[in-house]
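Chemist: heads up, no residue letters with this:
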């Protein structure tokens with residue numbers, strides 16, 4: 001039996017339990033499903049044998065747990081940024097230097113997104129800016145959910161790499177820019 005059939009078997013055996021576990025963490029059916037799919041997608045993308053130091057079941061649960069925690073952490077940062085944007089919309093930042101840094105960050109973010117391949121960029125924008133679920137994007141673009149997952153993974157990896165130098169700036173802006181009320 002080949003590796004793909006083994007992964008299919010593992011997926012079928014563990015999906016329901018992993019989905020229920022993710023659901024207890026996220027309280028959202030679609031997100032729970034996406035987290036489990038993301039774990040299996042990452043396993044599939046690794047291509048080689050997995051280095052599992054515990055049982056397969058424990059590895060899968062830990063992977064789903066980490067995926068859910070990363071999602072929740074990302075949402076927390078996203079919500080903080082949205083709050084920051086809402087507070088700064090139409091208002092000036094306290095210092096010209098902070099305003100300049102914010103413009104530079106926005107410019108670099110736009111440049112990085114525009115640098116993505118067309119399909120990858122479209123999928124990223126639908127997911128992050130239109131807040132569509134992977135299944136909705138797949139339907140809208142007539143693609144498989146796996147293709148959407150793969151493209152999102154590539155987009156996030158490229159953006160993470162291209163914007164790594166700006167992480168300190170992002171954190172500084174979120175923590176230090178005072179808004180005139």
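Modeler: Cool, got the structure. Everything numeric in this text was worked out from a predicted model, so none of it was measured.

Chemist: so where's this structure uncertain?
Modeler: Along the chain, segments meeting pLDDT under 70 span 1-5, 48-50, 85-95, 98, 167, 169-181.

Chemist: go again using 50 as the cut-off
Modeler: 1-2, 93, 178-181 (pLDDT under 50).

Chemist: any chance you could map the helices in it?
Modeler: Using DSSP state H, the helices of the chain run over 3-26, 29-46, 56-88, 96-114, 118-128, 134-141, 145-162, 167-176.

Chemist: want to throw the ones you listed into JSON lines with mean neighbour count?
Modeler: In short, each C-beta sits where N, CA and C put it, glycine included. What follows is these, written out as JSON lines (neighbours: other Cβ atoms under 10 Å):
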{"stretch": "helix 3-26", "mean neighbour count": "15"}
{"stretch": "helix 29-46", "mean neighbour count": "18"}
{"stretch": "helix 56-88", "mean neighbour count": "14"}
{"stretch": "helix 96-114", "mean neighbour count": "13"}
{"stretch": "helix 118-128", "mean neighbour count": "17"}
{"stretch": "helix 134-141", "mean neighbour count": "17"}
{"stretch": "helix 145-162", "mean neighbour count": "17"}
{"stretch": "helix 167-176", "mean neighbour count": "12"}
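
Chemist: Residue 23 touches residue 35, doesn't it?
Modeler: No - judged on Cβ atoms under 8 Å, residue 23 makes no contact with residue 35 at a distance of 9.1 Å.

Chemist: Find the residues that touch each one of the two.
Modeler: Counting by Cβ atoms under 8 Å, 6 or more residues apart in numbering, residue 23 and residue 35 have no common neighbour.

Chemist: My guess is residue 18 contacts residue 61. True?
Modeler: Yes - counting by Cβ under 8 Å, residue 18 touches residue 61, with 7.0 Å between them.
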